[in-house]
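> Could you look at this predicted model? Sequence included:
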Amino acid sequence: MKISVFGLGYVGCVSAACLASRGHEVIGVDVNPVKVDLIARGHAPVVEERIGELTAEVVGSGALRATTDAVEAIVATSVSLICVGTPSAQNGSLFTEYLERVAEQIGGALAKKDGRHTVVLRSTMLPGTCLDLLVPILEKFSGRTAGVDFGVAVNPEFLREGSSVRDFLDPPKTVIGEFDAASGDVVAELYAGLPGAVFRVPIPVAEMTKYADNAFHALKIAFANEIGAVSHALGLDSHQVMDVFLADRKLNISPAYLRPGFAFGGSCLPKDLRGLLYAARRADVAVPVLAHVLPSNEEHLRRAFDLIAATGRRRVGLFGLSFKPGTDDLRESPLVELAERLLGKGYDLRIYDANVTLSRLMGANREYIESRLPHLGDLLTSSVADVLTHAEVCVVGTKDQLVVDALRDSGDRTVIDLVRLPDAHVRRADPGYVGLGW
């Protein structure tokens with residue numbers, strides 16, 4: 001393929017050289033003539049493992065060249081990768097001037113070119129940047145229509161400085177946010193034969209994936225550092241602690257707990273977090289990330305309550321009460337807390353949970369529910385149909401098959417889904433359906 005790469009920083013330089021090494025004809029484009037001259041002489045504009053040798057090789061073979069002329073590059077290629085920087089503005093917002101400038105240049109060049117051209121955005125952008133800002137600019141300056149006269153895609157990069165050539169050629173995944181299928185096909189062709197799963201998704205989803213990745217990376221580092229600080233204060237070797245932590249690939253280093261949903265609860269997580277925070281305070285160690293986990297959890301409870309309140313309806317059916325499906329453990333269950341708040345605000349509440357029977361509750365579990373929902377016996381029913389008949393608002397906190405089946409025809413009731421029902425992807429189009437985080 002014939003490819004132009006706009007922006008010859010780390011991402012652009014590596015992308016250009018790696019694509020050229022895979023047999024494509026690549027033109028690098030940059031407003032900085034120094035970078036263009038370096039490429040012309042076979043030198044990489046950045047310092048990075050393997051990039052120097054690779055750049056010299058592909059420039060020497062004629063597979064990579066560089067220019068400051070955007071029109072020349074567009075006319076000579078069929079695909080353009082935009083790799084310009086998107087630094088933070090002072091208020092933390094995205095600085096998009098470089099993106100806008102390149103979109104104007106490419107749009108103007110497209111106006112002078114025959115045939116379809118595909119514009120692929122590699123720069124890190126907040127969701128909405130491509131469709132709401134850049135596509136209109138491309139259409140305005142080209143006089144053409146996206147998805148008809150030219151293609152658009154978002155293709156976030158997952159390159160780490162220091163190992164970016166290796167990461168490009170052996171990616172963990174390839175994400176293609178496609179304006180239309182033809183645009184996605186072009187991007188998929190660029191990476192044909194590389195390992196890793198390929199995800200073809202809506203453009204805003206592709207934009208968001210990079211932020212999800214980097215936020216989690218930052219969170220992992222902050223988590224490890226805070227555990228290290230508390231461990232050190234308690235006289236422990238933090239690396240021994242983390243060696244044990246990392247050995248668990250079932251729950252710790254795994255997909256477990258990484259699906260958006262409702263608040264956590266139970267007899268362990270809240271209690272043990274509070275215990276760890278107490279130990280940190282006693283040792284005079286600040287742990288701001290860990291200290292904000294419980295307040296974050298509280299926000300999800302508040303969000304669920306606010307969704308119910310926003311309906312303006314007063315008769316609520318709550319499906320699910322225990323903190324985990326398949327158990328009758330009500331201790332610190334967020335659904336118990338939600339029920340308590342609804343009762344406190346005067347809502348007419350009925351509850352169904354197949355695993356919770358008041359007469360069978362005992363010990364700490366019974367003591368807990370008697371202190372939080374002393375009138376549970378008046379609210380709890382063993383019939384899904386009874387709760388459904390009562391409810392104007394159905395709050396779903398379980399994937400119990402009886403509940404799922406009953407809610408397939410929810411009529412004019414509002415369904416507030418806290419667990420992502422199996423048919424949530426279809427229900428999202430229903431104005432009576434509200435997903436907690438999807």
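That came through fine.

> contacting residues for residue 128?
Going by C-beta atoms under 8 Å, 6 or more residues apart in numbering, residue 128 touches 204, 207. Heads up, the C-betas are built off the backbone N, CA and C, glycines and all.

> Quick check: the gap between it and residue 243.
Remark: distance between residue 128 and residue 243 (C-beta to C-beta, to the nearest Å) = 42 Å.

> What does the pLDDT read for residue 153?
Predicted confidence (pLDDT) at residue 153: the value is 98.

> Would you map the helices across the stretch 301-438 of the chain?
Shown for the stretch 301-438 of the chain, the helices assigned by DSSP state H, counting those that start in this stretch span residues 334-344, 363-372, 376-379, 384-390, 401-406, 424-427.

> Let me have the ones you listed in a markdown table, extended by mean pLDDT and mean neighbour count.
Below are the helices of the stretch 301-438 of the chain laid out as a markdown table (pLDDT from 0 to 100; neighbours: other C-beta atoms under 10 Å):
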| stretch | mean pLDDT | mean neighbour count |
| --- | --- | --- |
| helix 334-344 | 94 | 19 |
| helix 363-372 | 82 | 14 |
| helix 376-379 | 84 | 14 |
| helix 384-390 | 95 | 16 |
| helix 401-406 | 94 | 16 |
| helix 424-427 | 90 | 14 |
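
> Could I get the ones you listed in TSV, plus columns for distance to residue 141?
Shown next, in TSV, are the helices of the stretch 301-438 of the chain (distance: least, C-beta to C-beta, whole Å):
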stretch	distance to residue 141
helix 334-344	51
helix 363-372	61
helix 376-379	62
helix 384-390	55
helix 401-406	50
helix 424-427	37
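
> what about those helices, which gets the closest to residue 167?
Proximity to residue 167 (C-beta to C-beta) singles out helix 424-427 among those, at 31.5 Å.

> So which elements touch the closest one?
Other helices and strands packing on helix 424-427, by 3 or more C-beta pairs under 8 Å, 6 or more residues apart in numbering; DSSP states H and E, are strand 414-417, strand 433-435.

> Walking through the protein, point out its strands one by one.
Using DSSP state E, the strands found in the chain span residues 2-6, 25-29, 64-67, 79-82, 117-121, 150-154, 173-178, 197-201, 315-319, 348-352, 380-381, 393-396, 414-417, 433-435.

> Please enumerate residues in contact with the first one?
So that's strand 2-6. Strand 2-6 is contacted from outside by 12, 15-16, 19, 24-30, 70, 73-74, 76-84, 102, 105-106, 190, using C-beta under 8 Å, 6+ apart.

> Out of the helices of the stretch 301-438 of the chain, flag the one nearest residue 276.
Counting by C-beta to C-beta, residue 276 lies closest to helix 334-344 out of the helices of the stretch 301-438 of the chain; the figure is 19.8 Å.

> Quick check: residue 346 touching residue 315?
No. Counting by C-beta atoms under 8 Å, residue 346 stays clear of residue 315, with 11.4 Å between them.

> The two: who's more crowded?
Set side by side, residue 346 and residue 315 show more neighbours around residue 315, with 14 against 8, by other C-beta atoms under 10 Å.

> pretty sure residue 49 is touching residue 161, no?
No. In this structure residue 49 lies outside contact range of residue 161 using C-beta under 8 Å: 9.5 Å.

> Check this protein for its longest helix and report it.
In the chain, assigned by DSSP state H, the helix with the most residues is helix 203-233.

> give the contact list for residue 289.
Contact analysis of residue 289 by C-beta under 8 Å, 6+ apart lists 219, 222, 223, 226.

> Which members of the residues you listed define the maximum pairwise distance?
Greatest spacing in the contacts of residue 289, by C-beta to C-beta: 219 and 226 (10.6 Å).

> Check which helices and strands the longest helix of the chain is in contact with.
With contacts taken as 3+ C-beta pairs under 8 Å, 6+ apart, helix 203-233 sits against strand 150-154, strand 173-178, strand 197-201, helix 238-247, helix 269-282, helix 288-291.

> Mind listing residues that contact the third one?
Going back to what we said before, that points to strand 197-201. Residues outside strand 197-201 that contact it (C-beta under 8 Å, 6+ apart) are 173, 174, 175, 176, 177, 178, 184, 188, 191, 206, 209.

> list the contacts for the first one?
For residue 173, the contacting residues are 158, 196, 197, 198, 199, taking C-beta under 8 Å, 6+ apart as the criterion.

> And for residue 353?
Counting by C-beta under 8 Å, 6+ apart, residue 353 has contacts 319, 320, 321, 322, 328, 380, 398.

> go on, residue 430?
Shown in contact with residue 430 (C-beta under 8 Å, 6+ apart): residue 415.

> mind checking the backbone torsions on it?
Backbone torsions of residue 430, given as degrees, to the nearest 10, read phi -80, psi 120.

> now it: how far from residue 412?
11 Å.

> repeat for residue 345
Using C-beta to C-beta, residue 345 is found at 23 Å from residue 412.

> just residue 214 next, same as before
43 Å.

> again, but for residue 23
Going from residue 23 to residue 412 by C-beta to C-beta gives 59 Å.

> next one: residue 392
From residue 392 over to residue 412 the distance is 9 Å, taken as C-beta to C-beta.

> Please say which of the two ends up with more neighbours.
Applying other C-beta under 10 Å to residue 392 and residue 412 shows that residue 392 carries more neighbours, namely 15 against 6.

> OK, contacts around the residue lying closest to the more buried one once chain neighbours are set aside?
Distance criterion C-beta to C-beta, 6 or more residues apart in numbering; nearest residue to residue 392, sequence neighbours excluded, is residue 313 at 3.9 Å. Shown in contact with residue 313 (C-beta under 8 Å, 6+ apart): 392, 393, 414.
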